[in-house]
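> Just a sequence and a predicted model for now, questions to come.
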Amino acid sequence: MTARFATIRVLALLSVLLGVNYVTWRWLESVNWSAWWIAVPLVIAETYSLIDTFLFCLTMWKARTRPAPVSPPQGTVDVFITTYNEPIDLVMTTARAAARIAYPHTTWVLDDGARPELEAAAREAGIGYLTRSDDWTGKPRHAKAGNLNSALFETDGEFLLILDADQIPDPLILHRTLGYFADDPKVSVVQTPQWFVNVDDADPLGSQAPLFYGPIQQGKDGWNAAFFCGSNAVLRREALMQLGIIGYVREVTDSATRALRTSEQMIEKEMRAAADPRLRRELSALHVAIRRGSRDLAAGAPVSDVAASVRSAVDNASRILIAEDLEGIRADLEELGALPIAHDAQLDAVVVDEAGLDALAASDLSPITALDAVRALLDALRLDRGGEAQPILPLATISVTEDMATAMQLHSLGWRSVYHHEILAKGLAPEDLRTMLTQRLRWAQGTLQVMLRDNPLAKRGLSAGQRLMYFATMWSYLSGFAAVVYLTAPVVYLVFGVLPVTAWSVDFFVRFLPYFLVNQLLFLFVARGVKTWRGQQYSLALFPVWIRACWTAFANVVFGRPLSFAVTRKDGRDPRGVPWGEIWPQLTAMAVLSVALVIGVVRVFLGTADGTGTLVNTAWVLYDLVVLSVIVQAARYRGPVRTLEKETHGIAH
């Protein structure tokens, strides 16, 4: 263990201990309950930050710098360049650079825009071109994930190098990464950093993310939780195909379980209503068969065997009862035609309306029609393997950002990942604030979708460390709510003199200052010269984006509201100019903080405010203003527009 790594561990431990000491004291002794409406939100926000600190310290605890792979590169490779509406010249610049990768491979342009001009350019350059059919909405399904899934079934390389349309690869990218797969046959993905050529040293849009593509990914790598980031990564086809097959089996099993549960409820209702002993006896036998099928399914029995058993019981009961129930059938046909089963275009799967199933189970069907409803449920859910099969989707489609979701699924199946800390591709970052905000919103929405649909804390197959590493990324996007409190609390004190703590006493400073200073010292050691200030600014300054992402992801998962997939602009700055309508919360916050600062100073001169409290909150407000000022810098940013081909000439050629 190096001295630096040992120091990081000591600082991480101290940071957590001092944080626990401070927050415990805040809850037990310093909450100003007479002003609970601001005091309680503030201490909750501080508790959120302590959990964030703990997760960061845990990430750094096992940070690793990997040596180069021992094995030579081997295996067949397909290079996938995903595109939808990016400029054709840009896509072809990337494609030609990919074709010049030194290791033998096949390069493919995956065009979800189905553009004849791009197809012609790719064919002329001797580069493979693939597109796919649209769904009934007229749009490609599952955005980038669907594009990659489609290409998987039309190619056969053992490994896949995935590149965004603007990411120019180093000719040696495969030589530097393929060896990991030979070193360890359980490695499923090797991720390399994303680095951008069109970013100034000041980086006013915070695009480079050197803390994430460095210490954080290296920390996650130590816990075998470094994840796929959508581009500049090599994946093992075998792992993806296994993921798709297992996902298919689970979906069919879950559908079968829901169908059997509803069928059991319907037959129970018919048994209670049956007056004829013979009818009750036949329904009871069917009920027993369905319950046995549910138990067998839960015990791991093949779906086909359970299906055959239940269908046999349904058919037998139907033959016996049909002669006695003809009069009730006709009246029930309309109700049968409204089964609560539909096709979800976004998920590309059969979706069962749980409330609709409950209503169906409680409806007044005649016995034979109830049996037909059971049979229709089984058919609609494809329990019996009849009809068109569900698609096998290797890359996860539960989120608008497929990368992290796919990696988490792979880890849950026992596959491993590698973070290779070497810049092996260079691309284009957003060149204006509007595009950057759209990009960050998409990232946040996708991450929160995964948290709500497949929370890592409850996911089978993940280790404790992996659960916490994935959760740490998701947890960070909840910071918008804490940010609102941190911006509000000093304003409340400076304007109204309301204390969220019992007093700005020695007890407060002796606990808070060591916690704060050790935390900052830890960041300095972790970063080791890497510029992290922009990242710290945007974690607070983008609070409206994080809050909006929380709401839209929740509305999507709970209420089924669709999320749009916006492709990051790659053709220069947005001509619409500064998106004032999207940054008004930050500008309003800055104005309110400035007014509060003036009021606080005036109150001190008038003798109506405490000097110590005003000093503390003045420093707090000044810090908030400095942090939020990055939005003004980003709005005014007019950096030089750079072309991909020019900036990456040394790599592309």
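That came through, no problem.
> which residue is nearest the centroid of this structure?
By Cα atoms, centre = their mean, the chain has its centre lying nearest to Thr447, at 2.2 Å.
> residue boundaries of the strands in the stretch 151-300 of the chain?
159-164, 168-169, 187-191, 195-196, 233-236 (DSSP state E, counting those that start in this stretch).
> The chain too?
Ranges of strands in the chain, per DSSP state E, are 77-83, 106-111, 128-130, 159-164, 168-169, 187-191, 195-196, 233-236, 341-344, 349-352, 416-419, 425-427.
> rewinding a little: what distance do you get for the residue nearest to the centre of the chain to Asp372?
44 Å (Cβ to Cβ, to the nearest Å). C-beta: built from backbone N, CA, C; applies to glycine.
> The strands of the stretch 151-300 of the chain into CSV, with extra columns for distance to Val558, mean neighbour count and mean pLDDT?
Below are these laid out as CSV (distance: least, Cβ to Cβ, whole Å; neighbours: other Cβ atoms under 10 Å; pLDDT from 0 to 100):
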stretch, distance to Val558, mean neighbour count, mean pLDDT
strand 159-164, 31, 24, 96
strand 168-169, 40, 26, 96
strand 187-191, 31, 26, 98
strand 195-196, 35, 20, 92
strand 233-236, 31, 26, 97
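> can you redo these as TSV with distance to Met451?
What follows is the strands of the stretch 151-300 of the chain, written out as TSV (distance: least, Cβ to Cβ, whole Å):
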stretch	distance to Met451
strand 159-164	24
strand 168-169	32
strand 187-191	20
strand 195-196	27
strand 233-236	22
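> between these, which one is nearest to Val495?
Val495 lies closest, by Cβ to Cβ, to one member of the strands of the stretch 151-300 of the chain: strand 195-196, at 41.7 Å.
> Which strands and helices lie in contact with that closest one?
Using 3 or more Cβ pairs under 8 Å, 6 or more residues apart in numbering; DSSP states H and E, the elements in contact with strand 195-196 are strand 425-427.
> neighbouring strands for the strand it packs on, and are they parallel or not?
Strand pairing for strand 425-427, using DSSP bridges, gives strand 168-169 (antiparallel), strand 195-196 (parallel).
> For Thr93, find the nearest of those strands.
Closest approach to Thr93 among the strands paired with strand 425-427 is made by strand 168-169 (7.0 Å; Cβ to Cβ).
> Any idea how far that closest one is from the middle of the chain?
Put simply, strand 168-169 sits 25 Å off its chain's centre (Cα atoms, centre = their mean, to the nearest Å).
> now do stretch 479-499
For stretch 479-499, the distance from its own C-alpha centre to the chain's C-alpha centre is 30 Å (Cα atoms, centre = their mean).
> Poorly predicted segments of the stretch 1-150 of the chain, please.
Scanning the stretch 1-150 of the chain for pLDDT under 70 picks out the ranges 1, 133-142.
> need the helices for it, in chain order.
Per DSSP state H, counting those that start in this stretch, the stretch 1-150 of the chain carries helices over the ranges 3-25, 36-61, 88-99, 116-124, 143-152.
> picking that back up, so which of the strands of the stretch 151-300 of the chain gets nearest Arg96?
strand 168-169 (9.4 Å).
> Is Phe471 in contact with Leu457, as I believe?
Yes: assessed by Cβ atoms under 8 Å, Phe471 is found in contact with Leu457 at 5.6 Å.
> between the two, who's got more neighbours?
Taking neighbours as other Cβ atoms under 10 Å, Phe471 and Leu457 compare with Phe471 leading, 18 against 12.
> quick one: pLDDT of that one?
Here the pLDDT value assigned to Phe471 is 97.
> and what of Arg636?
pLDDT, Arg636: 87.
> ok, now Gly535?
Gly535 is assigned a pLDDT of 86 by the prediction.
> what does Met266 give?
Looking at Met266, its pLDDT stands at 81.
> tally of neighbours for it?
25.
> Please shift the residue numbers so they start at 54 in all later answers.
Let's use 54 as the start, then, which means that last one is Met319.
> Asp236: which of the helices of the stretch 54-203 of the chain is closest?
Ranking the helices of the stretch 54-203 of the chain by proximity to Asp236 (Cβ to Cβ) places helix 56-78 first, at 22.9 Å.
> List the buried residues in the closest one.
58, 61-62, 64-65, 67-69, 71-72, 75-76, 78 (16 or more other Cβ atoms under 10 Å).
> can you check stretch 103-120 too?
Buried, per 16+ other Cβ under 10 Å, within stretch 103-120: 103-116, 119.
> Likewise for stretch 627-641?
Residues Asp627, Val631, Pro632, Glu635, Ile636, Pro638, Gln639 are the ones in stretch 627-641 that count as buried (16+ other Cβ under 10 Å).
> Is it possible to get TSV of those that adds distance to Ala338?
Putting the buried residues of stretch 627-641 into TSV (distance: Cβ to Cβ, whole Å) gives the following:
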residue	distance to Ala338
Asp627	67
Val631	72
Pro632	66
Glu635	63
Ile636	67
Pro638	64
Gln639	67
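> Out of the residues you listed, which sit inside helices?
Using DSSP state H, the members of those that fall in helices are Glu635, Ile636, Pro638, Gln639.
> wait, what's in contact with Ser532?
By Cβ atoms under 8 Å, 6 or more residues apart in numbering, Ser532 lies in contact with Tyr101, Asp105, Ser592, Leu593, Phe596, Trp599.
> quick one: the closest residue to the first one other than its chain neighbours and Phe524, what's the gap?
This means Tyr101. Distances taken as Cβ to Cβ, 6 or more residues apart in numbering put Ala535 closest to Tyr101, at 4.7 Å, once the chain neighbours are dropped. To Phe524, Ala535 is 16 Å away according to Cβ to Cβ.
> and what of Trp80?
To Phe524, Trp80 is 23 Å away according to Cβ to Cβ.
> One more: Ala482?
Using Cβ to Cβ, Ala482 is found at 27 Å from Phe524.
> and if you look at Phe562?
From Phe562 to Phe524 the distance is 32 Å (Cβ to Cβ).
> Show me which residues of stretch 319-333 are buried.
For stretch 319-333, a neighbour-count test (16+ other Cβ under 10 Å) marks Met319, Ile320, Glu321, Lys322, Glu323, Met324, Ala327, Leu332, Arg333 as buried.
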